[in-house]
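Colleague: Compute the structure for the input listed below.
(one chain, ligands or ions: 1)
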Amino acid sequence: MTPARDWPAGALLPLTGYPQRVVRFVLGYEPIPESMSIIGGDRNRVLLEPVTAVAVVYADGWVLLDSGFNIDTIRDPEARAAHYNYDSYTAVVAPGDALKDQVDAAGLLWADLAGCGISHVHADHVGGLRLLEDGPPIFFQRAEWEFATTVAGLEHVVFTDDYLRRGLDIVLIDGDTDIAPGLQALDTRGHTPGHQSFLIKLPSMSVVLACDAADLRANITGARPCGWTATPALAAHAQASITRLHNLDAEDGVEVWPGHDPDWWAWNNVADQWTSDTGQ
Ligand SMILES: [Zn+2]
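Modeller: Below you'll find the model as predicted:
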């Protein structure tokens, strides 16, 4: 099994200063019934949702938060058939390798990647770990890694070969934890046993990436959780987590971004980042 180590208490990734900006990535799309994304949603209305990730950029390096699909699995017909065996769920990707291509387009260098935070082990979040062998620390909540390495499998839309790979430096944290200057992991369990969100302190505002604790912006504004949890017992945690995110969003200078909302501004016009002068 892929070994994991404890992240030392109080340690931070070796980055100077505070986050300067966030680069937004849309790494593919997936069809999701609205009822899965928000409790009470229409199960016959299928949304084509963006698969998102970000780079948190510092003066001397960057941190990747989530990583999209495993393109190698999607592009190999046998592997694709063995993994994506669902009635209505599949991966929709553009030509190329979205993560590699968008990192390049943003002018970021893999050699400067200081770390990676993974919200949870669903297949649309861990596929990019294929690029991080012999790379920097990869942060998981301990509860998520336990789920990932014991019961999780295809029936949970978890592909263990995405993260049980040689050469990954998996580091485990417990609950709310600072992982770099101005970058904190937040315990938002519920969608999965050890789901985490991320708080990024930018010069002008703080951004919270809800990841899959809130697929849609309406989850956050209405304090309504997603309609899916890994086990029924997690539903109360999912409600507590969305209430937490709803309250954070109400704070001055804080904006909580949903993980999969096709209409949320941050995931629209992502390509403008490579062509405009402002970067945001
Ligand atoms: Zn997701």
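
Colleague: List, one by one, the residues from the protein near the ion.
Modeller: Within the chain, the positions near the ion by CB under 5 Å from the ion are 124, 212. For glycine as for every other residue, the C-beta is placed from the backbone atoms N, C-alpha and C.

Colleague: any idea where the strands of the chain begin and end?
Modeller: Remark: strands assigned in the chain by DSSP state E are 4-6, 21-33, 46-58, 61-65, 113-117, 137-141, 169-173, 177-180, 183-187, 196-201, 206-211, 254-258.

Colleague: As a markdown table, the ones you listed with distance to residue 223 and mean neighbour count would be great.
Modeller: As requested, these are exported to a markdown table (distance: least, CB to CB, whole Å; neighbours: other CB atoms under 10 Å):
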| stretch | distance to residue 223 | mean neighbour count |
| --- | --- | --- |
| strand 4-6 | 33 | 13 |
| strand 21-33 | 20 | 21 |
| strand 46-58 | 20 | 22 |
| strand 61-65 | 23 | 26 |
| strand 113-117 | 24 | 25 |
| strand 137-141 | 22 | 25 |
| strand 169-173 | 26 | 21 |
| strand 177-180 | 24 | 21 |
| strand 183-187 | 16 | 22 |
| strand 196-201 | 15 | 23 |
| strand 206-211 | 12 | 25 |
| strand 254-258 | 11 | 23 |
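
Colleague: My guess is residue 216 contacts residue 267. True?
Modeller: No. In this structure residue 216 lies outside contact range of residue 267 using CB atoms under 8 Å: 11.2 Å.

Colleague: returning to that earlier point: need the strands of the chain in TSV with distance to residue 124, can you?
Modeller: Listed next are the strands of the chain as TSV, based on distance: least, CB to CB, whole Å:
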stretch	distance to residue 124
strand 4-6	22
strand 21-33	6
strand 46-58	5
strand 61-65	14
strand 113-117	15
strand 137-141	16
strand 169-173	19
strand 177-180	22
strand 183-187	19
strand 196-201	16
strand 206-211	10
strand 254-258	14
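
Colleague: Take those strands and write them to JSON lines, including mean pLDDT.
Modeller: Compiled in JSON lines, the strands of the chain are given as follows (pLDDT from 0 to 100):
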{"stretch": "strand 4-6", "mean pLDDT": "97"}
{"stretch": "strand 21-33", "mean pLDDT": "97"}
{"stretch": "strand 46-58", "mean pLDDT": "98"}
{"stretch": "strand 61-65", "mean pLDDT": "98"}
{"stretch": "strand 113-117", "mean pLDDT": "98"}
{"stretch": "strand 137-141", "mean pLDDT": "98"}
{"stretch": "strand 169-173", "mean pLDDT": "98"}
{"stretch": "strand 177-180", "mean pLDDT": "98"}
{"stretch": "strand 183-187", "mean pLDDT": "98"}
{"stretch": "strand 196-201", "mean pLDDT": "98"}
{"stretch": "strand 206-211", "mean pLDDT": "98"}
{"stretch": "strand 254-258", "mean pLDDT": "98"}
